[in-house]
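Undergrad: I need the structure of the sequence given here:
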Amino acid sequence: MWTNLLKTIILIGSLAGGVISMQVTCPEKMVNGTVGQSITLYCNYETSLPIADGLVIRWSFYTRQVPRPKLFYTYQMGNWFPSEVPEGKYEGTTAATAKNASIIIRNAETEDTGMYTCEVTNVPDVSGTISANVFAYIRGKPTKTTCIKQVENHEDYHWVFLSCSSKAMPPPTYEWQWKSSGGSYHDVEGEMNNRTGILNITNPMNMKTGIYRCTARNEMGEDVCDYEEKEDKETSSSSTASSTAIIIGVVIAIILLLVVTGVTVWFVLYKKKEEGKSTKTTAKSKSAGSYKAVAADSNYSTVASQEAFPSTINTTEVEVSEESAAYNKKTATPPPTERTSIELQV
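TA: Residues are numbered from 1 along each chain as shown. Have a look, this model is predicted:
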């Protein structure tokens with residue numbers, strides 16, 4: 001609607017034969033500042049018509065994060081009106097009297113870095129160069145540094161990311177470190193991107209419990225944020241259960257091994273014992289056989305001796321007969337010579 005109205009005004013002015021032209025300029029194409037300062041964005045304009053209630057000034061802003069210009073400050077009917085910005089963030093000059101459309105940024109922040117566009121119209125003077133640009137570069141050390149953990153679960157892999165971001169100008173570089181409870185910081189394992197602040201821990205098992213610290217740093221200073229990795233109770237319980245199961249399995253395996261070893265040793269000893277008994281029995285049998293053979297030989301030798309040496313027996317018989325004779329002389333009993341002889345022979 002507003003565009004159509006402007007076109008109508010321009011057409012009317014052209015038909016009337018008037019020369020309508022607006023010239024807007026920004027004398028500084030780039031303005032440098034630091035965080036906390038007040039920064040002035042200069043914008044001047046020239047119009048071929050008297051300044052009236054039709055004068056309108058618009059300031060818009062865009063950055064890489066806000067690629068389309070965003071209107072944030074407007075002058076109309078003698079007053080400035082902010083659009084979706086904190087009250088008192090911007091301050092405009094008295095444009096109606098000085099042909100000056102400049103504004104001041106109070107308490108500048110690094111987020112204020114970007115391209116600003118100053119647009120001026122003075123109905124019906126709406127043609128010509130009605131806008132100009134100025135770039136504001138606000139430097140500051142890293143602030144509002146934040147650390148977050150991100151997890152990506154895929155069918156073939158499982159990744160863990162630690163992401164670090166900070167508000168700073170110029171853009172900071174990032175460094176990740178880790179320490180255990182009560183320890184000191186040292187380099188962390190993983191793939192680190194110093195420009196984006198992303199730490200990629202490709203193996204989740206390398207994600208240790210402790211404190212992960214990100215340091216954002218630029219020429220203006222540095223800032224840190226911490227992320228604490230705590231032990232997962234479910235994982236800990238599962239790990240404990242797994243460890244317990246492993247220990248029980250090892251104990252059972254050891255017991256089974258001892259039982260098998262004991263049975264094997266007992267069987268070997270039993271076998272040896274049985275073999276020993278068998279050997280002793282065989283030895284006894286052989287000894288008994290030998291003894292019988294020896295005894296038989298001995299009896300045979302005795303009989304043979306008696307047969308071979310009869311004189312010995314006769315001598316004995318003579319001695320006994322003599323004793324009997326002597327005895328019989330005393331007792332007047334005939335001596336049992338023949339009986340004695342027979343008994344000795346037996």
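Undergrad: just the helices in the stretch 1-150 of the chain please.
TA: 2-16, 95-98 (DSSP state H, counting those that start in this stretch).
Undergrad: pretty sure Gln37 contacts Glu109?
TA: No. Contact criterion C-beta atoms under 8 Å: Gln37 and Glu109 do not qualify, at 10.1 Å. No exception for glycine: its C-beta is placed from N, CA and C like everyone else's.
Undergrad: which neighbours do these two share?
TA: Listed as contacting both Gln37 and Glu109 by C-beta atoms under 8 Å, 6 or more residues apart in numbering are Ile138.
Undergrad: hey, least reliable of the helices of the stretch 1-150 of the chain by pLDDT?
TA: Lowest mean pLDDT within the helices of the stretch 1-150 of the chain: helix 2-16, at a mean of 45.
Undergrad: same question for stretch 66-78, mean pLDDT?
TA: Stretch 66-78 comes out at a mean pLDDT of 87.
Undergrad: what's the end-to-end length of that stretch?
TA: This stretch, stretch 66-78, spans 29 Å end to end (C-alpha to C-alpha, to the nearest Å).
Undergrad: please point out which parts of that stretch sit buried.
TA: Pro69, Phe72, Tyr73, Thr74, Tyr75 (16 or more other C-beta atoms under 10 Å).
Undergrad: from Cys147, how far out is the residue nearest to Ile148 when sequence neighbours are not counted?
TA: Using C-beta to C-beta, 6 or more residues apart in numbering and skipping the chain neighbours, the partner closest in space to Ile148 is Ser163 (5.2 Å). According to C-beta to C-beta, to the nearest Å, Ser163 stands 7 Å off from Cys147.
Undergrad: got it, and Leu41?
TA: As judged by C-beta to C-beta, Leu41 and Cys147 stand 35 Å apart.
Undergrad: swap in Glu189?
TA: Glu189 is 17 Å from Cys147, by C-beta to C-beta.
Undergrad: which one of the two is surrounded by more residues?
TA: Legend: neighbour count by other C-beta atoms under 10 Å for Glu189 and Cys147, higher for Cys147 (20 against 14).
Undergrad: which stretches in the stretch 151-300 of the chain count as helices?
TA: Under DSSP H, counting those that start in this stretch, the stretch 151-300 of the chain gives helices at 233-308.
Undergrad: can you pull out the low-pLDDT segments for this structure?
TA: Within the chain, the ranges that satisfy pLDDT under 70 run 1-20, 94-97, 157, 232-243, 278-346.
Undergrad: spell out which residues make up each domain of it.
TA: 20-139, 141-233, 308-345 (automatic domain parsing).
Undergrad: tabulate the buried residues of stretch 66-78 in a markdown table, adding columns for distance to Thr261.
TA: Shown next, in a markdown table, are these (distance: C-beta to C-beta, whole Å):
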| residue | distance to Thr261 |
| --- | --- |
| Pro69 | 86 |
| Phe72 | 86 |
| Tyr73 | 91 |
| Thr74 | 94 |
| Tyr75 | 98 |
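Undergrad: quick one: buried residues of stretch 161-173?
TA: By neighbour count with 16+ other C-beta under 10 Å, stretch 161-173 contains the buried residues Phe161, Leu162, Ser163, Cys164, Ser165, Ser166, Lys167, Ala168, Met169, Pro172, Thr173.
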